[in-house]
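S.K.: Got a sequence here, can you build the structure:
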Amino acid sequence: MNVWKLTGPKTLVHTEEPLPEHEEGKIRIRVTKVLVNSLDVNLFDGTAPCKYPLIPGRYAVGVVSEDGAGAYLPRGTRVLLHTFRPIDLTGTEKRDFAAPEYEICGRTRDGFLTDFVNVSPRDITALPPSVSDERALLLHHVAIAKAVCDNLESKKGQHIVVVGANLVGILVCQLLIYQQAAPILVDTVRHHLDFAKKCGIYYTVLADDRALDNVASITGGRLADGAVYISSAIGNEPELPFRLTARNTNVVLYGQPAGGLKVSLDVAVKKHLSIFCVENGYGYLETAINLMANKAVDISPYTANVVKAARATALFTDYPSRADRGSDIVNFLDLL
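M.R.: Got it, this is the predicted structure:
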């Protein structure tokens, strides 16, 4: 089978390896498509740390290649492969509660840029026919957006500032609209905001010296009823959501940048803000499928760029310099 491994910065090696041996209680999956985004590229170029060798590919879909684990899923069933895997603990070892609770496929353990993987039934979810492969590859992002919205506890009609106009930021806004809130999307890049309008986001504000005045104008001077900071949307100040929200409101910080997130809490303390942190959307995938199937989010404005896996190195190499990075194109690797 084909396997692609990172053996060092900017070194993606293609090898032919035997099929994985059968493992008790696991199902063999034929990987069909893998999503590529900015973190995958940062792992490739060495700006995000990882242990080599590493099979990249954090988000993937595939099909059950043979009947296994009884009649759990028949051969040919399309499935979403879970990216986040809880670390098994016996409960007896000394635990550093600042340590990660999850392994991340394609980052802290081998990912899915390979023809076949053996997985536990708990680490896959069957996909309904109404959710295409390309839409399914964004389900982890929808799950993250739902986790963010749940932590906000927003109410109908409230204005919520979302700082960061990347894919996750736009999905958060769409879910807030679905919940009948009024998101205000803020970003440093004008064309990201222009694209967000095509995705149905009505209120957009450029993150410049007039951002506070513009948010005040939209909210009638009250400022926002809550805020979100998307750390994966590069270029936005992490303190900005604190300045744009009213007193005694909720602020959600999403993500864990490779270099860490450094943020001053001075304004947050003065405003008595409640801060919640979301690292991933674990536990929300079933909900995400329902939201996607019910069209609570709309990814139709995005353009799918599908590249054969044999050209993975070229995609990883060219991605950082492309004008569409973080904008309106979603990149997929086709393994068939």
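
S.K.: does the residue lying closest to Y302 once chain neighbours are set aside sit in a helix, a strand or a coil?
M.R.: Distances taken as CB to CB, 6 or more residues apart in numbering place V330 nearest to Y302, at 5.0 Å, with adjacent residues excluded. For glycine as for every other residue, the C-beta is placed from the backbone atoms N, C-alpha and C. With DSSP: H, G, I helix; E, B strand; the rest coil as the basis, V330 sits in strand.

S.K.: Roughly how far does V330 sit from R222?
M.R.: Counting by CB to CB, to the nearest Å, the separation of V330 from R222 is 36 Å.

S.K.: quick one, which of those two is more surrounded?
M.R.: V330 (21 against 12; other CB atoms under 10 Å).

S.K.: need the contact list for the residue positioned nearest the centre of the chain.
M.R.: Central residue of the chain (CA atoms, centre = their mean): H141, 3.7 Å from the mean position. Shown in contact with H141 (CB atoms under 8 Å, 6 or more residues apart in numbering): L167, V168, L171, G281.

S.K.: where does the helix or strand it falls within sit relative to the chain's centre, distance-wise?
M.R.: Assigned by DSSP states H and E, H141 belongs to helix 139-152. Here helix 139-152 is found 9 Å from its chain centre; the criterion is CA atoms, centre = their mean, to the nearest Å.

S.K.: Can you tell me who the nearest residue to P20 once chain neighbours are set aside pairs with across the strands?
M.R.: Spatial nearest neighbour of P20, chain neighbours left out: N118 (4.9 Å); criterion: CB to CB, 6+ apart. Applying DSSP bridges to N118 gives these bridge partners: R28.

S.K.: Tell me the spacing between L113 and K5.
M.R.: 8 Å.

S.K.: more crowded one of those two?
M.R.: L113 (27 against 19).

S.K.: Might one say that that one is in contact with L315?
M.R.: No: judged on CB atoms under 8 Å, L113 makes no contact with L315 at a distance of 11.2 Å.

S.K.: Just give the number of residues close to K308.
M.R.: Neighbour tally, K308, other CB under 10 Å: 11.

S.K.: quick revisit: so what sits against both of L113 and L315?
M.R.: L333.

S.K.: Contacts only, for the residue nearest to P20.
M.R.: N118 touches P20, H22, E23, K26, I27, R28, I29, counting by CB under 8 Å, 6+ apart.

S.K.: Who wins on neighbours among the residues you listed?
M.R.: I29 (27 neighbours).

S.K.: Give me the distance between it and K271.
M.R.: For I29 relative to K271 (CB to CB), the value is 48 Å.

S.K.: So for stretch 157-170, what gets flagged as buried?
M.R.: 158-170 (16 or more other CB atoms under 10 Å).

S.K.: From those residues, which land in helices?
M.R.: L167, V168, G169, I170 (DSSP state H).

S.K.: Please identify the one among those that lies nearest to D298.
M.R.: I170 (9.3 Å; CB to CB).

S.K.: Would you agree the closest one is in contact with I201?
M.R.: Yes: using CB under 8 Å, I170 is in contact with I201, at 6.6 Å.
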